[in-house]
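Student: here is my input; please provide its structure:
(chains A and B)
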Amino acid sequence: MNPFQAFVQGVGFWSRQWPDWATAYTHWHQPMAPASSTGTPLPSPRCLSAGDRRRAAQSVSLALEVGQQALTDAGLQADQVLSVFTSAHGDLPTIHDMCSTLVEHPDLVSPMRFLNSIHNAAAGYWSQVMGSMAAHTALSAHRSSFAAGLLEALSQCQAEGQPVLLVGYDTAATGPLRETTGSEQPLALALLITPRQSGHSKYRLDWQLNHTPAFMGNCPPNGVSQFGMADGWPLFERLARTDGLPVKLPLPPSHCLEIGVTALESEPSVILVKP
Amino acid sequence: MDRALFPVHVSAYTLTTALGSGQGAHLRAIEHNRSGLQPLTDRAAKELGLQKLPDTWAGMVDGLDTALPSHLTHWDCRNHRLAWKGLQTDGLLDAVAGAMQRHGPHRLALVLGTSTSSIQATEQAYHHVNAEGRFESPPANPVLQSLHALGAFVQEATGIEGPCYTVSTACSSSAKAVAAAHRLLRLGMADAALVGGVDSLCGNVLFGFQALQLLSTQPCRPFDQRRDGINLGEGAAFLLLEKGPGALQLLGYGESSDAHHMSAPHPEGLGAEKAVNAAFGWSGLMPEAVDYVHLHGTATPKNDETEATLLRRRYADRPPASSSKGMVGHTLGAAGAVGSAFALMALETGWLTGTVNSTALDPAFSPGILTQSRRQAVNTASVHAFGFGGTNAVLVWGRGSGVGP
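Tutor: Take a look at the predicted model:
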């Protein structure tokens, strides 16, 4: 089967060390550039009102921040774009609060907290604050959540012929879930994918689903296992450093999503940080 | 590729709810207008591992006190027991095995929908946290404490090896799983797909819906003028989709967002209408010409009013329509698949479900909403599934070139 083609028109990124794509890109592109300070507070997405920013669940802040970054980078309107939200664990602080409350005082469960615990909360907030009636979806595939989300986004892009925003996000766990999830640091990733090339396209993706064992795929490097959304890391590293080799994101038990990445601009649209 | 040209058919389907296991049990209940809803009692609390329960009725599935077989014990929790039970009827597992033999296990995709997944296992674990704030007995299988547990469990239980993920968009989850699977089949990434949805009762949803003041203390009455809220339900429904024409075909799907509110529908149903238009746009069939509409019909004042308005505006009040939630409760993420199973049974047998419990329909609503079941020829049927976060999914099923009643 021949690969399908899709185009990346916008990129979003957030980690405590690299709170936007320009910073992540700089670090990957110029490894000697100093990392920005650790311990950056969680993002306050501009698309939320001041009150909502204060009250927002962590996953909502993360998802909306990178979604907005990618959409702005792409120069598109939200209502023109389908969206796919993916997360390995959902909003872990909210899940911790809900389960703790249920032990002693189930009647005190907060309606807001319950709504924030629903897996498509971030997706629903996105469509609401952006005023977009385009369809959204939310999914999970545990440690392959980014790969599965990307497969769904690329499938929607190809099948529906529309731009798709992919947002992958995971929060740090609190309480006993720290040990069982291993999700110790927040990470959020976003791609605005289009079916056709435009003057604003940054990368071409030649992609296919391959029947190959998962261990042949690109695993995230060791230092990245602290992120619930780690499986997306190799693709973003490749966007920063296109070297002609495809990225293979495992989809266990027996597939990889193989993606050839070609940069389309001679100059990156990000501004390199001066050391 | 013109998507109207890519046929996908249902080669097997099944459901397990408060009405019992399998199509036969459900058809008998439909014929006799029987409800499976019961008040939640101390016995239910004990079975669910909860100290107390909200004052409400629910559709609980019997027989979930039996543990999973020993080779699957690392997945044991109520939701997976329900999934396992749900897989056992109507020849579904044999059909899946046959498809794996024909196409290869790696050519079957698995896309399931759920709201609760295995969160009940996490809730139970929180009762045993030590002084250091860690679980006294962390699960040997950490995937059990994640949303994808359902997909991973069914993958292991069936031996399916193709692309597998769990969709969780509240009450539209398993309807959207059908759409996602269709895309994978159409793009050639799989030759068949097991789709479906499983949801079960747990503290999160019981007390979460209570906190939102959406539960009724009575058996729920969709579209009734006295309706005052939902009853939760447990459900497992599975459909095996395969590429190519067949007796039961997917004729269309439509997805949209309300962009209005997290827990209340768009008051004019504009998002839902967008999904209806998209679903029917494939085939050129007009909504008012469909033979049956399986409504979302949750019995909240707002959903039912919005949906009845949609029936009038987009279906011209013509097709017979009903909600099954007075029989099985609101099965949340499983609702789209459960509703599809009801629609497929209507296509195969002509039996249209009655909106059981509802005796005095809101007079402003369509006269086409059935309170009692009836039997007639059905060639096309649509299914509505609308969820929190303003997510809308509509499916259209139809009889293909195969035989019918």
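
Student: residue 116: what secondary structure?
Tutor: Using chain A here. helix (DSSP: H, G, I helix; E, B strand; the rest coil).

Student: other chain: chain B
Tutor: coil.

Student: so who does it touch?
Tutor: B:Thr116 sits next to B:79, B:199-200, B:202, B:204-205, B:332-333 when contact means CB atoms under 8 Å, 6 or more residues apart in numbering or on different chains. For glycine as for every other residue, the C-beta is placed from the backbone atoms N, C-alpha and C.

Student: can you give me the pLDDT of it?
Tutor: At B:Thr116, the model reports a pLDDT of 96.

Student: relative to chain A, how far out is it?
Tutor: Per CB to the nearest CB, to the nearest Å, B:Thr116 is found 10 Å from chain A.

Student: what are the phi and psi angles of that residue?
Tutor: Note on B:Thr116: backbone dihedrals following degrees, to the nearest 10 are phi -90, psi -30.

Student: can you give me the neighbour number for residue 238?
Tutor: Looking at chain A here, since you left the chain open. With neighbours defined by other CB atoms under 10 Å in any protein chain shown, the count for A:Arg238 comes to 21.

Student: hmm, no, I was thinking of chain B.
Tutor: So B:Phe238, with other CB under 10 Å, has 30 neighbours.

Student: repeat for B:Gly387
Tutor: 29.

Student: look at the residue in chain A positioned nearest to chain B and give its secondary structure.
Tutor: Minimum separation of chain A from chain B (CB to the nearest CB) falls at A:Gly124, amounting to 2.5 Å. With three-state DSSP as the basis, A:Gly124 sits in helix.

Student: OK, contacts around it?
Tutor: A:118, A:136, B:257, B:262, B:388-391.

Student: name the nearest of the residues you listed relative to A:Ala263.
Tutor: If you rank the contacts of A:Gly124 by distance to A:Ala263 using CB to CB, A:His136 comes first, at 29.0 Å.

Student: that closest one contacts A:Gln128, correct?
Tutor: No: taking contacts as CB atoms under 8 Å, A:His136 lies outside contact range of A:Gln128: 10.1 Å.

Student: more crowded one of those two?
Tutor: A:His136 (29 against 17).

Student: make a markdown table from the contacts of B:Thr116 and add pLDDT, neighbour count and secondary structure to it.
Tutor: Putting these into a markdown table (pLDDT from 0 to 100; neighbours: other CB atoms under 10 Å in any protein chain shown; DSSP: H, G, I helix; E, B strand; the rest coil) gives the following:
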| residue | pLDDT | neighbour count | secondary structure |
| --- | --- | --- | --- |
| B:Asn79 | 98 | 26 | helix |
| B:Asp199 | 98 | 31 | strand |
| B:Ser200 | 98 | 31 | coil |
| B:Cys202 | 98 | 28 | coil |
| B:Asn204 | 98 | 24 | helix |
| B:Val205 | 98 | 23 | helix |
| B:Leu332 | 98 | 32 | helix |
| B:Gly333 | 98 | 34 | helix |
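
Student: make JSON lines out of these and add distance to chain A.
Tutor: JSON lines is the format used below for the contacts of B:Thr116 (distance: CB to the nearest CB, whole Å):
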{"residue": "B:Asn79", "distance to chain A": "14"}
{"residue": "B:Asp199", "distance to chain A": "12"}
{"residue": "B:Ser200", "distance to chain A": "15"}
{"residue": "B:Cys202", "distance to chain A": "9"}
{"residue": "B:Asn204", "distance to chain A": "6"}
{"residue": "B:Val205", "distance to chain A": "8"}
{"residue": "B:Leu332", "distance to chain A": "10"}
{"residue": "B:Gly333", "distance to chain A": "9"}
